[in-house]
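pasted the sequence and its predicted model underneath.
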Amino acid sequence: GETEASTALSVAVASCHQRLSELTELKWREKSGLFRSGSVRLAQCLAGGSVPLLESLVIQPWGGDTENDGIREGVNALANGLAEGKLLRLENLELDFFACV
């Protein structure tokens, strides 16, 4: 399911730095449930510097639930990564909380 997919992707980002170091674009759209822990981990991994060439990031969590703690954690992780200069090439960042409503 969706949770397993987001967890698998976050593990790939965290553990396969060499393979994903050339990733320039990522579009992530959750199709069910809330912004789950796998998606939070994905945001944390992306913000941790695992994808230094990332230019475009689009995240659409399910249902427009902006009160969800997972969304806050993910956004905070991305903000910290940006502030720490770990996403220097990022030109496009879309956090579209209402796309799946």
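Yep, that arrived. Numbering: from 1, shown residues only.

residue 20 contacts residue 52, doesn't it?
No. The pair residue 20 / residue 52 is not scored as a contact, 9.7 Å apart, by C-beta atoms under 8 Å. Where C-beta positions appear, they are placed from N, C-alpha and C, glycine not excepted.

what stretches of the chain score poorly on pLDDT?
1-7, 9-10, 12-19, 30-39, 61-70, 97-101 (pLDDT under 70).

strands of this structure, start to end?
Using DSSP state E, the strands of the chain run over residues 25-29, 56-60, 92-95.

ranges for the helices of the protein?
Counting by DSSP state H, one finds helices in the chain at the ranges 2-15, 17-20, 37-45, 69-83.

follow-up on the earlier one: pick the most buried one from the strands of the chain.
strand 56-60 (a mean of 19; mean count of other C-beta atoms under 10 Å).

by contact count, what packs against that one?
Using 3 or more C-beta pairs under 8 Å, 6 or more residues apart in numbering; DSSP states H and E as the contact criterion, the secondary-structure elements in contact with strand 56-60 are strand 25-29, strand 92-95.

how about it as CSV, C-alpha atoms only?
Taking C-alpha atoms only, strand 56-60 is exported to CSV below (Å, rounded to 0.1, in the frame of the first residue of the first chain):
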residue,chain,number,x,y,z
SER,A,56,12.1,20.2,-7.9
LEU,A,57,10.1,18.6,-5.1
VAL,A,58,6.3,18.3,-5.2
ILE,A,59,4.6,16.7,-2.2
GLN,A,60,0.8,16.3,-2.1
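
and the angle for that strand with helix 69-83?
Direction vectors for strand 56-60 and helix 69-83, defined by axes from the mean of the first three to the mean of the last three C-alpha atoms, to 10 degrees, enclose an angle of 170 degrees.
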